[in-house]
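> Fold the following for me, if possible:
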Amino acid sequence: NDQSHVLPWAFKESRKRGATAFLFLGDMEISRQADTLFARQLSDLADVPFYPVIGNHEVEFLGAIRLSGGRHAVRAFKEDFLKSPGIKLAPLAQVAYTADLAGAIHFIALDNISHKDEGFGPEQLAWLERDLKAASATRQIILVGMHKPLAKNPITTHAMDEDGQAAIRDSDAALALFKRYGVAMVFVSHSHMYAAYSQDGVEMRLTGGLGAPLVKGLSAADGGFHHFLLLDIQPANTQPGNGKTSLQVEVVKFQGTPTKDQKDESLEREN
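A predicted model of the protein is given here:
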């Protein structure tokens, strides 16, 4: 429901700013059937590689009712959207993969949407731990992307909190792994807003402002604006002093008229 045409602006603006990859945090369209509309807009990225995670609107009718053909939806998502170079799919039924970007970043895409019991599931958590252990031995910055925010975050309960105790336990386990293996930042979406926060010492960015109606009643000062994030990574060998790789995040705000909350935004349940 991108009435303000934020998505094409973000694709073109990111190209103009020299982006080397575009990470997308799920919910291509309001329903899986409309994802073909989104796919056509990918031409605005031209040669910028596209790395998406799966969102609830890909496997649930209007993002709320689980579809009977969930496995088909997941398989179709992989076939339709995971075409960029460097993607290493996890040997799982879910949409989890890694990609090494710009020589400095190890990106991990997680799926906290499509598992039958919600959450991540034990197989994905085991795969995640193996990958984090290997990645932590390199000099790369580890970034993680997923659709729903982790449970017990300080911003919203429109997150894994809503998916039951099994999902909350999975969320706790994932957060412990992020902390143990030095994940630099985790990017989440699902709520149509922006927020920067720390969760048990792990830096988080909630970025859900790429065109869908914004959270009802949320002011721009509190994160109610359309945007995308521009990550600037400076490798260690360009840094004076301690030799650490640096990561900076710029919030690029949409200057057009924001899309106001619509009737489907009743699905957004904020604190």
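
> Would you mind listing where the protein has pLDDT under the threshold?
When the per-residue scores of the chain are filtered using pLDDT under 70, the ranges that remain are 60-70, 235-245, 259-271.

> how about the strands in it?
22-24, 50-52, 60-61, 65-66, 88-89, 97-101, 105-109, 141-145, 185-188, 194-199, 202-207, 227-234, 246-253 (DSSP state E).

> Include distance to residue 10 and mean neighbour count when you put those into a markdown table, please.
Just so you know, the C-beta spots here come from the backbone N, C-alpha and C atoms, and that holds for glycine as well. What follows is the strands of the chain, written out as a markdown table (distance: least, CB to CB, whole Å; neighbours: other CB atoms under 10 Å):
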| stretch | distance to residue 10 | mean neighbour count |
| --- | --- | --- |
| strand 22-24 | 8 | 21 |
| strand 50-52 | 12 | 20 |
| strand 60-61 | 24 | 16 |
| strand 65-66 | 29 | 10 |
| strand 88-89 | 26 | 12 |
| strand 97-101 | 18 | 20 |
| strand 105-109 | 18 | 23 |
| strand 141-145 | 16 | 22 |
| strand 185-188 | 14 | 23 |
| strand 194-199 | 13 | 17 |
| strand 202-207 | 11 | 21 |
| strand 227-234 | 4 | 18 |
| strand 246-253 | 8 | 14 |
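
> of all those strands, which lies closest to residue 116?
Judged by CB to CB, the one of the strands of the chain that comes nearest to residue 116 is strand 65-66, at 9.1 Å.

> Distance to residue 5 added to the strands of the chain, as TSV?
Shown next, in TSV, are these (distance: least, CB to CB, whole Å):
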stretch	distance to residue 5
strand 22-24	16
strand 50-52	18
strand 60-61	25
strand 65-66	28
strand 88-89	32
strand 97-101	27
strand 105-109	26
strand 141-145	24
strand 185-188	23
strand 194-199	19
strand 202-207	18
strand 227-234	14
strand 246-253	15
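
> Quick check: closest non-adjacent residue to residue 88.
Leaving aside its chain neighbours, residue 88 sits nearest to residue 98 (4.9 Å; criterion: CB to CB, 6 or more residues apart in numbering).
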